[in-house]
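Enquirer: I'd like to go over a predicted model; first the sequence, then the structure.
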Amino acid sequence: AEYGLRAGMPRFFRALSERGLPASCAINSAIIDVYPRLAERILEAGWEWIGHGVIQRSVKSVPDERAMIEEAKAAVERYTRKKLRGWLGPGLQETFDTPDILKALGFDYLCEWCIDDLPSWMDTRHGRIVSVPYCFETNDSVIYAVEKHSSDEMTGRLKRTLECFAKERAGGPRILTVPLHPHLMGVPHRIGFLEQFLDTLVARQDAVFMTGAQIADWFSAAAEPAARQR
């Protein structure tokens, strides 16, 4: 992980900035104090910040989940001076109370529910919250750290996913998420595969690049008229 923050992140910054692409960064709020230069660089790059706990610790092991989320939210908002709109639990972990807590604290969307290739509404005790897709099968952590595939496995999966979505395009848009970790995809022998795939996407006329918040806003705007017509 230390290597990723030191060497992998600069490669991510370069790959995305050279192509003018946006990014959403699920980040532990402790990074602001522990790695201040990295936090500053993320802010300068204009990436969206997504809540990701205070430290990398499952919410299931936190004594007071709401207090932890409040702490992470306050730290990020204080630093960025922007509302923290999205949440991704560390390790994709949550409790039965997480969606209710997030909505009560003013979050607009969450990412833990890998249930579809499109966003969906989730009902909570405090109203609806948007579930934004966060793909498990094209996640470099799963592919390399868990399943331990060869370096070209992720781009192969992304290519085949894109081929499938292209066939389904007539039925409506699909969300292709590319979850990245700097200590995995940011290493020298893998970053080139990512850059090649990004170039493939940039060259397409039917690909639109969005942050998590932009996806949530797009879905909310598109879904409301349809709901009123029913």
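Expert: That came through, no problem. This structure is a prediction, so every number in the text was calculated from the model and none was measured.

Enquirer: pull up the gap between residue 216 and residue 181, please.
Expert: Remark: distance between residue 216 and residue 181 (CB to CB, to the nearest Å) = 23 Å. For glycine as for every other residue, the C-beta is placed from the backbone atoms N, C-alpha and C.

Enquirer: neighbour-wise, which of the two wins?
Expert: residue 216 (23 against 17; other CB atoms under 10 Å).

Enquirer: give the contact list for that one.
Expert: Contacts here follow CB atoms under 8 Å, 6 or more residues apart in numbering; on that basis residue 216 touches 85, 86, 108, 109, 119, 130, 132.

Enquirer: show me which of those residues are buried.
Expert: For those, burial is judged from neighbour counts taken by 16 or more other CB atoms under 10 Å, and it is met by 85, 86, 108, 109, 119, 130, 132.

Enquirer: out of the contacts of residue 216, flag the one nearest to residue 149.
Expert: The shortest separation between residue 149 and any of the contacts of residue 216 is 25.7 Å, and it belongs to residue 132 (by CB to CB).

Enquirer: hmm, that closest one is touching residue 107, no?
Expert: No: the pair residue 132 and residue 107 fails to qualify as a contact (CB atoms under 8 Å) at a distance of 11.1 Å.

Enquirer: any common contacting residues for the two?
Expert: If you check residue 132 and residue 107 against CB under 8 Å, 6+ apart, the residues they both contact are residue 86.

Enquirer: next secondary structure after the host helix or strand of residue 74?
Expert: Using DSSP states H and E, residue 74 falls within helix 65-80. Past helix 65-80, further along toward the C-terminus, the next helix or strand under DSSP H and E is strand 86-87.

Enquirer: does anything pack onto that following strand? Which helices or strands?
Expert: In this structure, strand 86-87 makes packing contacts with strand 48-51, strand 109-110, helix 212-229, judged by 3 or more CB pairs under 8 Å, 6 or more residues apart in numbering; DSSP states H and E.

Enquirer: return the longest one as CSV; C-alpha atoms alone will do.
Expert: Taking only C-alpha atoms (Å, rounded to 0.1, in the frame of the first residue of the first chain), the coordinates of helix 212-229 have been written out as CSV:
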residue,chain,number,x,y,z
GLY,A,212,-20.0,8.8,-9.1
ALA,A,213,-21.8,12.0,-8.2
GLN,A,214,-22.4,12.8,-11.9
ILE,A,215,-23.9,9.3,-12.4
ALA,A,216,-26.1,9.7,-9.4
ASP,A,217,-27.3,13.1,-10.7
TRP,A,218,-27.9,11.7,-14.2
PHE,A,219,-29.9,8.8,-12.8
SER,A,220,-32.0,11.0,-10.5
ALA,A,221,-32.9,13.4,-13.3
ALA,A,222,-33.8,10.6,-15.7
ALA,A,223,-35.7,8.5,-13.2
GLU,A,224,-37.9,11.3,-11.8
PRO,A,225,-39.9,12.0,-15.0
ALA,A,226,-40.5,8.3,-15.5
ALA,A,227,-41.7,7.9,-11.9
ARG,A,228,-44.2,10.8,-12.4
GLN,A,229,-45.6,9.1,-15.5
